[in-house]
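Enquirer: model the following, please.
(one chain, ligands or ions: 1)
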Amino acid sequence: MIDALIIGAGPAGLSAAIACAKQGLSVRIVDEFYRAGGRLLGQLHQEPNGTWWNGMEEAARLDREARAAGVEIACGVSVFNVVPSSSGWIASTTEGEIETSLLLIATGASETAVPVPGWTLPGVMSIGAAQVMTNVQRVRVGERGVIIGVNILSVAIARELQLAGIQIDRMILPPVSTVTGKAGFPEAVMRSLLRVAHLAPSPLIRWGSQLMKSSWMQRLGVSLYPSQGFSMWDIPIQLRTAALEIVGTNQVEGVRIARVAPDGQPIPGSEQIIPADFVCIAGGLSPLAELAAIAGCPFAYVPSLGGHVPIHNDRMQTPLPGLFVAGNITGVESAKVAMAQGIVAGLSMADAHGALADSAELENAIRQVGIVRQRATIQFHPDIDEGRATVGQLALASTGK
Ligand SMILES: Cc1cc2nc3c(=O)[nH]c(=O)nc-3n(C[C@H](O)[C@H](O)[C@H](O)COP(=O)(O)OP(=O)(O)OC[C@H]3O[C@@H](n4cnc5c(N)ncnc54)[C@H](O)[C@@H]3O)c2cc1C
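Expert: Below is the predicted model:
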């Protein structure tokens, strides 16, 4: 029996493990991937101040610190069930059962699938798969490709692929359908892009984004939007072009595209096929929260956090005794926010175990999450504060704390 079991060795899980082990708890992390770091491993982007965020190095640092604090890290171990027991929780894993007093689920986020005709052809992958192949496995995903889906994640990963010497022919929208929803509407996409405009290398784009804050300016911007789109790091981003179909016989050979009206509908006669040897589809992220559901945790649907999230308070405690959550499972945000939440969860678990030396440390850590959130370079969803407040109120209603 261990004091704390953490599922997920991403930035949230590793940070929690370090915080908790430093308070004297016996801690084990299990992760189904072959190495620790979670989604940090694929991240490489330049901060607005010019410094580089190298997720691989951050992951290595957290891994070292965790091991130095006495955390046991088991990779290649998948958890498929969690049930409460008389003394805490039992997790069923591919390596047998683990009994623990306290359980933290930090399983991160998953990509949302966006169906595009032809997407089963070899050479079509999710944008996250392209990030892992390029930055973690060091495998070229292709020579010249098209990214379908324009959002903060796909823009950031397009740049990462470009840095690896892969040509991104263009970024375009998916076809409008009930499944693709807002991702196929030029105006909605432009609004979400304005949140990342501060990352743009061109002062003109940064300045333009300031002018585009009002919704009527956004509508005007979409109708006047140049047919060739604009470029970021020389990658053409075409919000008035959509993919109709990915074409090829045995593998990707191209994409059939069309110009679209501001409502996302294809303009007759504008169709053409552009050559490509790979295609990435980017549909956004949602919390990967199945294990919390299996555990019996109550959920709320909060679009500004990315979808269904387990109810939890600002100490990352769920209403179920001994069950904690942290990181993207609680709402899709950047890796730095996940780390800050992980520290809160670790200290909170130590507190629940009666081992927290100084309760001010936990209060400071909770404040720090808000500070890190305000400063985050990458914000996946607007209205994140509102979403967090909603979940906090639901936690208060169900547990009284
Ligand atoms: C494709 C993708 C790309 C992203 N790119 C960026 C980016 O460039 N910049 C940025 O700031 N944020 C990015 N994010 C958001 C990113 O998830 C967070 O920044 C951060 O990594 C979240 O940390 P986490 O610890 O909550 O989850 P993760 O880092 O996702 O770690 C979760 C870990 O849990 C493990 N796991 C999941 N289920 C199980 C199970 N059942 N059993 C055992 N182990 C399990 C996974 O293998 C993983 O290692 C990206 C997210 C995704 C999905």
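Enquirer: near the ligand, which residues of the stretch 1-150 of the chain are found?
Expert: 7-13, 30-33, 38-40, 43, 78-79, 106-109, 111, 128, 131 (C-beta under 6 Å from any ligand atom). (C-beta placed from N, C-alpha, C; glycine too.)
Enquirer: pull the helix or strand with minimum mean pLDDT from this structure.
Expert: helix 203-211 (a mean of 49; mean pLDDT, DSSP states H and E).
Enquirer: surely A36 meets I29?
Expert: Yes. Contact status for A36 versus I29: in contact at 7.3 Å, counting by C-beta atoms under 8 Å.
Enquirer: which neighbours do those two have in common?
Expert: 9, 14, 66, 73 (C-beta atoms under 8 Å, 6 or more residues apart in numbering).
Enquirer: neighbours around the third one, how many?
Expert: By the measure other C-beta atoms under 10 Å, the count of residues near A66 is 26.
Enquirer: and the next element down the chain from the stretch of helix or strand it belongs to?
Expert: Here A66, judged by DSSP states H and E, is contained in helix 55-68. Moving toward the C-terminus from helix 55-68, the next helix or strand (DSSP H and E) is strand 72-75.
Enquirer: helices or strands up against that next one?
Expert: Under the contact criterion of 3 or more C-beta pairs under 8 Å, 6 or more residues apart in numbering; DSSP states H and E, strand 72-75 touches strand 27-31, helix 55-68.
Enquirer: which of the residues in it are classified as buried?
Expert: By 16 or more other C-beta atoms under 10 Å, the buried positions in strand 72-75 come out as I73.
Enquirer: give me the residues contacting stretch 373-384.
Expert: Stretch 373-384 is contacted from outside by 45, 47-48, 53, 152-153, 156, 192, 195-196, 198-199, 284-285, 303-306, 331-334, 336-337, 340, 385, 387, using C-beta under 8 Å, 6+ apart.
Enquirer: name the nearest residue to whichever residue of the stretch 301-401 of the chain sits closest to the ligand, ignoring sequence neighbours.
Expert: Closest residue of the stretch 301-401 of the chain to the ligand, C-beta to the nearest ligand atom: G327 (2.1 Å). Leaving aside its chain neighbours, G327 sits nearest to A12 (2.7 Å; criterion: C-beta to C-beta, 6 or more residues apart in numbering).
Enquirer: how about the secondary structure of the one you found?
Expert: Of the three states, A12 takes helix under DSSP: H, G, I helix; E, B strand; the rest coil.
Enquirer: list the contacts for it?
Expert: 38, 106, 108, 326-329, 338-339, 341-342, 345 are the contacts of A12 under C-beta under 8 Å, 6+ apart.
Enquirer: equivalent analysis for P122, please.
Expert: So P122 contacts 250-252 (C-beta under 8 Å, 6+ apart).
Enquirer: pretty sure V141 is in a helix, no?
Expert: No. Per three-state DSSP, V141 lies outside any helix segment and is coil.
Enquirer: neighbours of it, just the number please.
Expert: V141, neighbours per other C-beta under 10 Å, totals 21.
Enquirer: look up how far I168 lies from it.
Expert: 11 Å (C-beta to C-beta, to the nearest Å).
Enquirer: and if you look at P186?
Expert: 19 Å.
Enquirer: can you check A130 too?
Expert: 10 Å.
Enquirer: of those two, who's got more company?
Expert: A130 (28 against 23).
Enquirer: tell me the helix or strand right after the helix or strand containing that one.
Expert: Here A130 sits within helix 127-131, counting by DSSP H and E. Per DSSP H and E, the first helix or strand lying C-terminal to helix 127-131 is strand 144-148.
Enquirer: give the partner strands of that following strand in its sheet and their orientations.
Expert: With DSSP bridges as the test, strand 144-148 is paired with strand 167-173 (parallel), strand 278-281 (parallel).
Enquirer: just give the number of residues close to A340.
Expert: 26.
Enquirer: tell me the angle of the helix or strand that contains it relative to strand 27-31?
Expert: Under the criterion of DSSP H and E, A340 resides in helix 335-352. With axes from the mean of the first three to the mean of the last three C-alpha atoms, to 10 degrees defining the directions, helix 335-352 sits at 140 degrees from strand 27-31.
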